[in-house]
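A.B. asks: what follows is a predicted protein model with its sequence.
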Amino acid sequence: MKNNSYSSIALLGTSADPPTIGHKILLTELSKIFPKVVTWASDNPSKSHKTSLNQRYELLNTLVEAIALPNLELKQELSSKWAIKTLERAAKHWPNKGLILIIGSDLVTDIPHWFEAKNVLQHAQLGIVPREGWPIGNSNLEKIKEMGGTPILLPLKIPETASSTIHNHLLFSQIPKALLPILKKKNLYGLSQKM
Ligand SMILES: Nc1ncnc2c1ncn2[C@@H]1O[C@H](COP(=O)(O)OP(=O)(O)OP(=O)(O)O)[C@@H](O)[C@H]1O
Ligand SMILES: O=C(O)c1ccc[n+]([C@@H]2O[C@H](COP(=O)([O-])O)[C@@H](O)[C@H]2O)c1
């Protein structure tokens, strides 16, 4: 791993539908190894979301405020369903900084099929976080490198969580505590005031 990898700004986009304990730990751990971590709530072109982008932004904002780390920022202006748009905005905002796009290992096979994937990989380094159940195949890494990408594996261990597990199986234990009052008040993801 190159020494300078960790001097970049770490960018983590999320559907935040809803944010999970995994997102909380991921953001916290990234904030320990990168000088600055930036997140935002976004639409994903291949998902149908359970609630509006604005609502998901509010949830992520509440989580980021609860984590309360000085080098962790929510920057909703970066939000786009296309990573290339996000990265163009980030490059404009921080013209002299290196950027590293953070993804969980479940997205490694998807990235080569993203809109303007080569351009995406040229705008930022790729920081891959191991995700339980999603081993990283060498052939996938080679594919990313062939497309001009510079992937690095991040030494993080994040618990097995998924937003879809919360809304498909009502696994409320994966919801960060700070989000429970809003989710109950607004009857989101199967939670209600009575619970
Ligand atoms: N538990 C986790 N471990 C490692 N990476 C994670 C984890 N949860 C989410 N991520 C990564 O964080 C980013 C945002 O994830 P996302 O908001 O899609 O959550 P998700 O749990 O994967 O949602 P869904 O279940 O709907 O697919 C993605 O790059 C994803 O790979
Ligand atoms: O640019 C693309 O083609 C593209 C396709 C799928 C996902 N993304 C982005 O990847 C980020 C993570 O998405 P998600 O749903 O896993 O949270 C989010 O910021 C999406 O906008 C981007």
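C.D. replies: Cool, got the structure. Ligands and ions are numbered 1, 2, ... in the order given.

A.B. asks: so what's the closest residue to ligand 2 within the chain closest to, chain neighbours aside?
C.D. replies: Residue nearest to ligand 2 within the chain: Gly13 (2.3 Å; CB to the nearest ligand atom). In this view, the C-beta of every residue, glycine as well, is placed from N, C-alpha and C. Closest residue to Gly13 apart from its sequence neighbours, by CB to CB, 6 or more residues apart in numbering: Ser42 at 4.8 Å.

A.B. asks: please report the distance of the one you found from Gln55.
C.D. replies: Between Ser42 and Gln55 the computed distance is 13 Å (CB to CB, to the nearest Å).

A.B. asks: likewise Lys177?
C.D. replies: The value you get for Lys177 to Gln55, if CB to CB is used, is 19 Å.

A.B. asks: neighbour count winner among these two?
C.D. replies: More neighbours surround Gln55 than the other of Lys177 and Gln55, with 18 against 9 (other CB atoms under 10 Å).

A.B. asks: now the helix or strand containing the more buried one: buried residues?
C.D. replies: Secondary structure from DSSP states H and E places Gln55 in helix 53-67. Within helix 53-67, the residues that qualify as buried are Leu53, Gln55, Arg56, Tyr57, Glu58, Leu59, Leu60, Asn61, Thr62, Leu63, Val64, Ile67, counting by 16 or more other CB atoms under 10 Å.

A.B. asks: who touches it?
C.D. replies: 14-19, 23-24, 27-28, 31, 39-43, 49, 72-74, 76, 79, 176-179, 182-183, 186, 188 (CB atoms under 8 Å, 6 or more residues apart in numbering).
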